[in-house]
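In: Need coordinates for the below:
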Amino acid sequence: MISTDSEHRGGAKSGHCPARAYRGELKPTWCAGCGDFGVMTALFRAVGAVGRPAHEIAFVSGIGCSGQIPGYSAAYGFNSLQGRALPIAQGIKIARPELLVLVVGGDGDGASIGGGYLPHAIRRNPDLTYLVVDSGGNGKTDGQFAATDPSARGGELQRGALEALENPILFALTYGANFVAQGLTADLDGLSKMIEDGIRYPGFAFINVKSPCLGCGDLEMQVLLQKAKMRKLSSMGHDSSDLERAIKIAREDGDSLHAGVFYRNPNPPATFGSKVKELKQRPAKAAAEAVG
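Out: Below you'll find the model as predicted:
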């Protein structure tokens, strides 16, 4: 059953707020044309569509260029240590369940050094939305190749990656995530709606975002390639409740860039926060039953 208590982030408010209401006073220092501008715009549009005011939102980030997003917002923000955004965000959500907590980090942060935290976040199922900004390169280390993209050339390795690649969508699906999606900054409207859907979903939502990086090659060619390879799951007639089909499509990702919700569990399990709340109420219930 879908939770309707104060922890359910999507249903607490109604109405619409403009994206500019979430922008802070600091100006981004990203390279001109960086995909992170699109990620931040889509993120602010999504929270605006949900209608939560800035003081009811907490952005938590890891390291990397996209990790600067909390500093550019008017909401609460926490720029954590490398790879540690997920455990910190879970702590915030347990302590302040009424807050809308969103997590953002790069592919180096989320798919490499922080990748070990993802399975445990999935199995706990906290009410968080997690965006992995997948640029195919670790921008803070001069474009060093990332675990998710074979085309990145920079830093110490000029001829591309030698290791097998990580498939973040397949990773999340096979670990049991209940909401898994992939968006492209070349499709800003689709990305905004996808993040909004993830926010409204009661439980852990994982969204991989393909985002061009100037340190990983020519930006225009990357954007053109995204548009050329993009296949919207909605146009393929994909049923997001079909887990087996979602896994099959995820295995094919790469040759095409699939955009949309791969999987949305139609029967969301209890969130970690709701279990904590129930646990806290157990002694009181037992005492009341004994007296009564």
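In: just the helices in the stretch 1-150 of the chain please.
Out: 35-50, 85-95, 107, 118-124 (DSSP state H, counting those that start in this stretch).
In: Let me know which of those helices is tucked in deepest.
Out: Scoring the helices of the stretch 1-150 of the chain by mean neighbour count under mean count of other Cβ atoms under 10 Å gives helix 107 as the most buried, with a mean of 31. To be clear about C-beta, it is placed using only N, CA and C from the backbone, and glycine gets the same treatment.
In: now it: how far from the chain's centre is it?
Out: Distance, stretch centre to chain centre, for helix 107: 11 Å (Cα atoms, centre = their mean, to the nearest Å).
In: Repeat that for stretch 45-55.
Out: 16 Å.
In: all strands of the stretch 51-200 of the chain, in order?
Out: For the stretch 51-200 of the chain, applying DSSP state E, counting those that start in this stretch gives strands covering 57-61, 76-79, 100-106, 129-134, 137-138, 144-145, 179-184.
In: surely residue 174 meets residue 246?
Out: No. Residue 174 is not in contact with residue 246 according to Cβ atoms under 8 Å; the separation is 10.3 Å.
In: between these two, who's got more neighbours?
Out: In this view residue 174 and residue 246 are compared by other Cβ atoms under 10 Å, and residue 246 has more residues nearby, 23 against 14.
In: How about the contacts made by the more buried one?
Out: Contacts for residue 246 (Cβ atoms under 8 Å, 6 or more residues apart in numbering) come out as 173, 180, 238, 240, 262-263.
In: confidence score at it?
Out: At residue 246, the model reports a pLDDT of 97.
In: tell me which element it falls in.
Out: The secondary structure element spanning residue 246 is helix 243-252 (assigned by DSSP states H and E).
In: between that helix and strand 179-184, how big is the angle?
Out: Taking axes from the mean of the first three to the mean of the last three Cα atoms, to 10 degrees, helix 243-252 and strand 179-184 form an angle of 30 degrees between their directions.
In: Can you mark which positions in helix 243-252 are buried?
Out: Within helix 243-252, the residues that count as buried by 16 or more other Cβ atoms under 10 Å are 243, 245-247, 249-250.
In: any idea of the mean pLDDT for stretch 175-185?
Out: Across stretch 175-185, the average pLDDT comes to 96.
In: End to end on that stretch, go ahead and measure it.
Out: In stretch 175-185, first residue to last residue: 26 Å (Cα to Cα, to the nearest Å).
In: One more: stretch 42-58?
Out: Taking Cα to Cα, stretch 42-58 runs 16 Å from one end to the other.
In: And the average pLDDT for that stretch is what?
Out: If you average the per-residue pLDDT over stretch 42-58, you get 95.
In: How far does it sit from its chain's centre?
Out: When distances are taken as Cα atoms, centre = their mean, stretch 42-58 is centred 14 Å away from the chain's centroid.
In: swap in stretch 243-255?
Out: In terms of Cα atoms, centre = their mean, the centre of stretch 243-255 is found 19 Å from the chain centre.
In: Can you say which of the helices of the stretch 1-150 of the chain is nearest to residue 167?
Out: Checking the helices of the stretch 1-150 of the chain against residue 167 by Cβ to Cβ gives helix 107 as the closest, at 11.7 Å.
In: so where is the stretch 1-150 of the chain shaky, pLDDT-wise?
Out: Scanning the stretch 1-150 of the chain for pLDDT under 70 picks out the ranges 1-15, 108, 110-115, 136-146, 149-150.
In: Stretch 69-84 spans what distance, first to last residue?
Out: 16 Å.
In: Give the buried residues for that stretch.
Out: For stretch 69-84, the buried set under the neighbour-count rule, 16+ other Cβ under 10 Å, comprises 69-70, 72-80, 82-84.
In: And the contacts of it?
Out: By Cβ under 8 Å, 6+ apart, the residues outside stretch 69-84 that reach it are 21-24, 26-28, 36, 39-40, 43-44, 54-55, 57-63, 67-68, 88-89, 92, 99, 104-105, 109-110, 112-117.
In: got it, and stretch 96-104?
Out: Outside stretch 96-104, the residues touching it (Cβ under 8 Å, 6+ apart) are 6-7, 9, 12, 39, 43, 47, 50, 52, 56-62, 66-67, 69-70, 76, 85-86, 89, 92-93, 127-131, 133, 199, 273, 277.
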